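Asker: got a predicted model here, sequence first, then my questions.
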Amino acid sequence: MDKIDIEILKFIQKEFPVDERPYRRISEHIGIDERDVAERIINLHREGYIKKIIPKFSMESYEKYERALVAMNIKENDIDYARKYINSFENVTHNYLRDHHYNIWFTVSGKNYEEIKSQVENIAEKLNVRDYIILKTLKAIKLDTEFGVEI
């Protein structure tokens with residue numbers, strides 16, 4: 001990752017252009033070729049810096065789903081596989097490592113809590129994890145999050 005990649009990540013976190021040619025808009029802002037922007041975004045995705053690019057939902061549509069924060073104790077040598085496996089689910093977001101007994105934390109959404117619980121149980125079984133917690137969301141508070149990006 002170089003300084004241009006960082007500029008692209010910072011820009012698309014704030015405002016991915018809703019346009020017929022979004023990469024052209026990004027290229028105009030960053031000052032590089034449109035094709036180069038597209039290739040860099042593809043590479044950032046391949047390297048795991050970008051999981052997916054999706055629209056932000058309005059709170060009205062967001063409130064139709066249940067959410068939970070999940071914490072799992074993953075064996076150190078299984079972390080990379082677990083991270084990739086957990087990230088493969090479309091309804092999983094904000095997967096991150098912590099220096100804690102529960103070292104992988106992620107959020108998951110579903111139609112109801114039972115669906116979430118079933119999915120988490122399946123994930124835990126697939127990863128051979130017995131030590132995990134599911135923290136059901138009681139009240140949704142949507143914050144605009146921006147991640148600091150540095151070399």
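Answerer: Perfect, I can see it now.
Asker: can you list contacts of the helix or strand where R40 lies?
Answerer: Taking DSSP states H and E as the criterion, R40 maps to helix 34-46. Helix 34-46 has contacts (Cβ atoms under 8 Å, 6 or more residues apart in numbering) with 1, 4-5, 8-9, 12, 21, 23-24, 26-27, 30, 50-53. To be clear about C-beta, it is placed using only N, CA and C from the backbone, and glycine gets the same treatment.
Asker: which of those residues count as buried?
Answerer: 5, 8-9, 12, 23-24, 26-27, 30, 50 (16 or more other Cβ atoms under 10 Å).
Asker: the host helix or strand of T93: what's the following helix or strand?
Answerer: Under the criterion of DSSP H and E, T93 resides in strand 92-97. Of the helices and strands lying after strand 92-97 in sequence (DSSP H and E), the nearest is strand 104-110.
Asker: how far off centre is stretch 88-108?
Answerer: 9 Å (Cα atoms, centre = their mean, to the nearest Å).
Asker: which positions in that stretch come out as buried?
Answerer: Those would be 92, 95, 103-108, for stretch 88-108 by 16+ other Cβ under 10 Å.
Asker: same question for stretch 65-81.
Answerer: Buried residues in stretch 65-81 (16+ other Cβ under 10 Å): 65-68, 70-72, 74.
Asker: for the strand holding T93, which outside residues touch it?
Answerer: Taking Cβ under 8 Å, 6+ apart as the rule, strand 92-97 contacts 51, 79, 83, 86-87, 103-109.
Asker: isn't I133 right up against V70?
Answerer: Yes. Using Cβ atoms under 8 Å, I133 is in contact with V70, at 7.2 Å.
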